[in-house]
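**Student:** Just a sequence and a predicted model for now, questions to come.
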Amino acid sequence: MQQHLVISIISDDKPGVVEMLSAAVAENGGNWEDSRMAHFAGKFAGILRVSVAAEDGPRLKEALMSLAGADFKLQVEDALAVAADSRQTLQLKLVGNDRPGIVKEISRALAARKINVETLDTRYGSTPWSGEPLFTAECTISVAEDVSIDGLHDELDEIADELGVEIDCEETSSAL
């Protein structure tokens, strides 16, 4: 039987962090499945999911926790296996003048409509023509299969009007 773990990490950004983590996973019978990792302001942060035979789980957890230290913070959580469900997946792209609260407002609007945020990538920058602060977000959302896509587009247009941003929404394929 397979056990699934979700591991979060934050460390000083330096060469070898991913190698050290991947070595601990591989040397203790784990299989690196999904991850998101990035460099932010001199730090390296990530989250990953691994699977491991149930009998090797405690050994892998111990090996991972032994990596933790003053400049390497790590958390390991038991997780459920990924199961396919009957949801539609869509890609949202948001662009607007930057101001505090955009993520709060868009996430509140999506949650109120029972829309689940699966991934969220945001960027802060400047418009090329004026230098005004610009906020962009790309997120993958999932909605129940019985939700009308046309109705969802109308709701997203309402959200965009409420927030004063542009939102584009496209259906995505469910598998890579």
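**Tutor:** Structure's in. What do you need?
**Student:** Quick one: end-to-end distance for stretch 125-135.
**Tutor:** This stretch, stretch 125-135, spans 6 Å end to end (C-alpha to C-alpha, to the nearest Å).
**Student:** In that stretch, which residues are buried?
**Tutor:** Judged by neighbour count (16 or more other C-beta atoms under 10 Å), stretch 125-135 contains these buried residues: 134-135. For every residue, glycine as well, the C-beta is placed using N, CA and C.
**Student:** Ok, stretch 23-42 next?
**Tutor:** Buried residues in stretch 23-42, defined by neighbour count with 16+ other C-beta under 10 Å: 24-25, 28-30.
**Student:** Format those as JSON lines; extra columns: secondary structure and pLDDT.
**Tutor:** Shown next, in JSON lines, are these (DSSP: H, G, I helix; E, B strand; the rest coil; pLDDT from 0 to 100):
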{"residue": "Ala24", "secondary structure": "helix", "pLDDT": "95"}
{"residue": "Val25", "secondary structure": "helix", "pLDDT": "96"}
{"residue": "Asn28", "secondary structure": "coil", "pLDDT": "96"}
{"residue": "Gly29", "secondary structure": "coil", "pLDDT": "95"}
{"residue": "Gly30", "secondary structure": "strand", "pLDDT": "95"}
